[in-house]
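K.L.:
Next come a sequence and a model predicted from it.
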Amino acid sequence: MKIVRFADADFAERLAELTTSSSLFDPIVEQRTREIVEAVRLRGDAALSEFTERFDGARLAPEQFEITHAELMSASLKADDNLRKTIAEAQKNIAAFAKKSLRKNWSMHNSHGATVGEKFDPFQRVGIYVPGGTAPLVSTALMTITLAKVAGCKEIVVCTPAGKTGEINSALLFAIRAAGATEIYRIGGAQAMPAMALDTPTIRFVQKIFGPGNSTSSQRNACWSATSRLIFCPVPAKCSCLPTTLQIPNSLPPICSRKRSMVPVTNASGW
């Protein structure tokens, strides 16, 4: 967590950096994103291989996209006791919270004697995007995949970028599997979500996709949301609080800057 203090010498510069215009609605980013989505739609796995090499530096054939059982076993062997304990405890807390927030079916008889209500069913196949690269986000894996599992999703597909050698951080891989992923692909960048959305020969179509992302992934989401309503725009991964009164504290309380993750993984239907 980054704390900006009013008394800091570079307070003005850091505040300007925090409040600068977002690249979320950059027309250049949007155009490039549309081109990537269209390439995946037209060329499928070939486009995924091309973009993976271009953006992540990994040369992968379609048969190398999916993480193998041997790789999962290797990641498990590398996980020390401290990592296992930390992930298990975090997953337990996240699952407990998610269970309390699950929507429940309900019904009633209206004044005409008809039975009305709502029924909530989990999506059968969902996609999760987990950022990787220089900062593998184990927390993102736990706070998305766990919620999908609690909701009752049978198939949980995860895409995360690989390094130049095609490998994924072992701790991240262990967390993804421990959280409940049923399929894991070493696909990241701007090509990951259209891969899950478009049903390529290697990666089958999912019903909904969730996860955080930068301006490119947000533009990619917007492109698809406008056409197929498949992808939800990601919720803010971070938030900041700035005081508006003259009594500016020396520092912001930790609760004012926190990470959050929301995964609505159920279908709702009214009777």
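P.N.:
Received the coordinates, thanks.
K.L.:
which residue is nearest the middle of the chain?
P.N.:
Within the chain, one residue has its C-alpha closest to the average C-alpha position: by Cα atoms, centre = their mean, that is Gly211, at 1.6 Å.
K.L.:
Tell me if I'm right that that residue and Leu137 touch.
P.N.:
No - the pair formed by Gly211 and Leu137 falls short of the contact definition of Cβ atoms under 8 Å, at 9.6 Å. Just so you know, the C-beta spots here come from the backbone N, C-alpha and C atoms, and that holds for glycine as well.
K.L.:
Could I get the buried residue list for the helix or strand harbouring Arg34?
P.N.:
In the assignment (DSSP states H and E), Arg34 maps to helix 27-43. Of the residues in helix 27-43, those scored as buried under the neighbour-count criterion (16 or more other Cβ atoms under 10 Å) are 29-30, 33, 36-37, 39-40.
K.L.:
quick one, phi/psi of the residue nearest to the residue nearest to the centre of the chain when sequence neighbours are not counted?
P.N.:
In this structure, Gly211 finds its nearest non-sequential neighbour in Tyr129, 3.4 Å apart by Cβ to Cβ, 6 or more residues apart in numbering. Recorded main-chain torsions at Tyr129 are phi -100, psi 120, according to degrees, to the nearest 10.
K.L.:
now Tyr129, which residues is it bridged with?
P.N.:
With DSSP bridges as the criterion, Tyr129 is bridged to Cys159.
K.L.:
count of residues packed around it?
P.N.:
The burial count assigned to Tyr129 is 29, neighbours taken as other Cβ atoms under 10 Å.
K.L.:
measure it to Ala58 for me?
P.N.:
The span separating Tyr129 from Ala58 equals 17 Å under the rule Cβ to Cβ, to the nearest Å.
K.L.:
For Leu137, list the residues it contacts.
P.N.:
Neighbour list for Leu137: 130-131, 172, 212 [criterion: Cβ atoms under 8 Å, 6 or more residues apart in numbering].
K.L.:
For the chain, which residues score under the pLDDT cut-off?
P.N.:
In the predicted model of the chain, residues 1, 20-26, 133-135, 213-271 satisfy pLDDT under 70.
K.L.:
how about the strands in the stretch 101-250 of the chain?
P.N.:
106-109, 115-122, 125-129, 155-159, 183-185, 208-210 (DSSP state E, counting those that start in this stretch).
K.L.:
Those: which one's closest to Leu147?
P.N.:
strand 208-210 (8.5 Å; Cβ to Cβ).
K.L.:
The closest one - contacts with which helices or strands?
P.N.:
Using 3 or more Cβ pairs under 8 Å, 6 or more residues apart in numbering; DSSP states H and E as the contact test, the elements touching strand 208-210 are strand 125-129, helix 192-198.
K.L.:
Show me what the longest one packs onto, helices and strands only.
P.N.:
Helices and strands touching helix 192-198, by 3+ Cβ pairs under 8 Å, 6+ apart, are helix 27-43, strand 125-129, strand 155-159, strand 208-210, helix 215-225.
K.L.:
Buried residues in the third one, which are they?
P.N.:
Residues of strand 155-159 classed as buried: 155-159 (neighbour count, 16+ other Cβ under 10 Å).
K.L.:
Then the second one?
P.N.:
Within strand 125-129, the residues that qualify as buried are 125-129, counting by 16+ other Cβ under 10 Å.
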